[in-house]
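Chemist: What shape does this take:
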Amino acid sequence: MEGDVEMTAAEGGAAVELDDMKKRLKDMEDEAAALREMQAKVEQEMGAAQDPTASANQANKEEVDARSIFVGNVDYSCTPEEVQQHFQSCGTVNRVTIRTNKYGQPKGYAYVEFLETEAIEQALLLNESELHGRQLKISAKRTNVPGMKQFRPRRSNPYMGFRSRVPFMAAPFVYSPYGYGKVPRFRMPMRYSPYF
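Modeler: Presented below is the predicted three-dimensional model:
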């Protein structure tokens with residue numbers, strides 16, 4: 001009989017402990033729900049605040065690009081002042097940007113921004129004019145739209161072999177000119193090149 005009494009007391013203590021755990025779990029769930037609600041409200045406010053700026057920024061970018069031209073085949077020794085002097089006859093030049101690589105060497109093209117849009121027609125007439133002995137390629141600057149990159153399929157790697165959808169069929173046995181177990185080694189390019 002005494003053993004049964006001790007058992008019920010232990011069960012009663014376990015029930016109290018279980019109720020206490022359930023209460024703490026419910027408190028944690030309520031707190032997590034409140035945090036989620038607050039985070040959703042903050043994200044909604046941040047999204048509402050960023051959307052007008054992003055659209056205004058995009059509109060401003062399109063307006064600037066409508067007044068700009070792309071100049072290709074620019075000599076590497078050319079300075080922005082020389083490019084500005086070349087396009088001075090078209091209209092007032094606001095900015096000249098000669099793109100450079102990460103080491104500071106020019107990439108061979110530039111962007112010229114004018115104050116007025118009418119200057120673009122005059123600048124396009126200078127297509128194939130010479131600057132520093134090089135024939136310039138001039139076109140209107142296009143606006144990059146994020147996420148609208150043209151799809152280019154990957155070129156096949158000549159060292160990987162041809163992969164087809166047809167199941168593998170064993171080729172007739174051919175003696176390797178390199179000897180047993182020897183395979184010719186091809187060097188892969190060390191750096192990533194986006195042009196392949």
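Chemist: And stretch 122-134, what's buried?
Modeler: For stretch 122-134, burial by neighbour count (16 or more other C-beta atoms under 10 Å) applies to 123, 126, 131. All C-beta spots, glycine's among them, are computed from the backbone N, C-alpha and C.
Chemist: Output that stretch in CSV, but only the C-alpha positions, please.
Modeler: Only the C-alpha atoms of stretch 122-134 are listed here, as CSV (Å, rounded to 0.1, in the frame of the first residue of the first chain):
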residue,chain,number,x,y,z
GLN,A,122,24.6,64.9,-83.7
ALA,A,123,26.9,62.5,-81.9
LEU,A,124,25.6,59.5,-83.9
LEU,A,125,26.7,61.3,-87.1
LEU,A,126,30.3,61.1,-85.8
ASN,A,127,30.1,57.3,-86.1
GLU,A,128,33.3,55.9,-87.7
SER,A,129,35.1,59.1,-87.1
GLU,A,130,38.8,58.9,-86.0
LEU,A,131,40.3,59.6,-82.6
HIS,A,132,43.9,58.8,-81.9
GLY,A,133,44.0,57.0,-85.2
ARG,A,134,41.2,54.6,-84.3
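Chemist: So for it, mean pLDDT?
Modeler: In this model, stretch 122-134 has an average pLDDT of 92.
Chemist: contacting residues around it?
Modeler: Contact partners of stretch 122-134, identified using C-beta atoms under 8 Å, 6 or more residues apart in numbering, comprise 69, 73-75, 77-78, 82-83, 86-87, 89-91, 112, 114, 135-140.
Chemist: Let's see that with 10 Å instead.
Modeler: 68-69, 71-78, 82-83, 85-87, 89-91, 93, 108, 112, 114, 135-140 (C-beta atoms under 10 Å, 6 or more residues apart in numbering).
Chemist: Show me where the chain dips below the pLDDT cut-off.
Modeler: Scanning the chain for pLDDT under 70 picks out 1-12, 47-55, 145-196.
Chemist: after the one helix or strand residue 18 maps to comes which helix or strand?
Modeler: Secondary structure assignment for residue 18, by DSSP states H and E: helix 2-66. As assigned by DSSP H and E, the chain's next helix or strand after helix 2-66 is strand 68-72.
Chemist: Please name every helix or strand in contact with that next one.
Modeler: strand 93-100, strand 106-114, helix 118-124, strand 137-140 (3 or more C-beta pairs under 10 Å, 6 or more residues apart in numbering; DSSP states H and E).
Chemist: Could you list the residues in contact with the helix or strand following it?
Modeler: Next helix or strand after strand 68-72 toward the C-terminus (DSSP H and E): helix 80-86. Identification of contacts with helix 80-86 by C-beta under 10 Å, 6+ apart yields 71, 74-75, 78-79, 92-98, 110-112, 123, 126, 129-132, 136.
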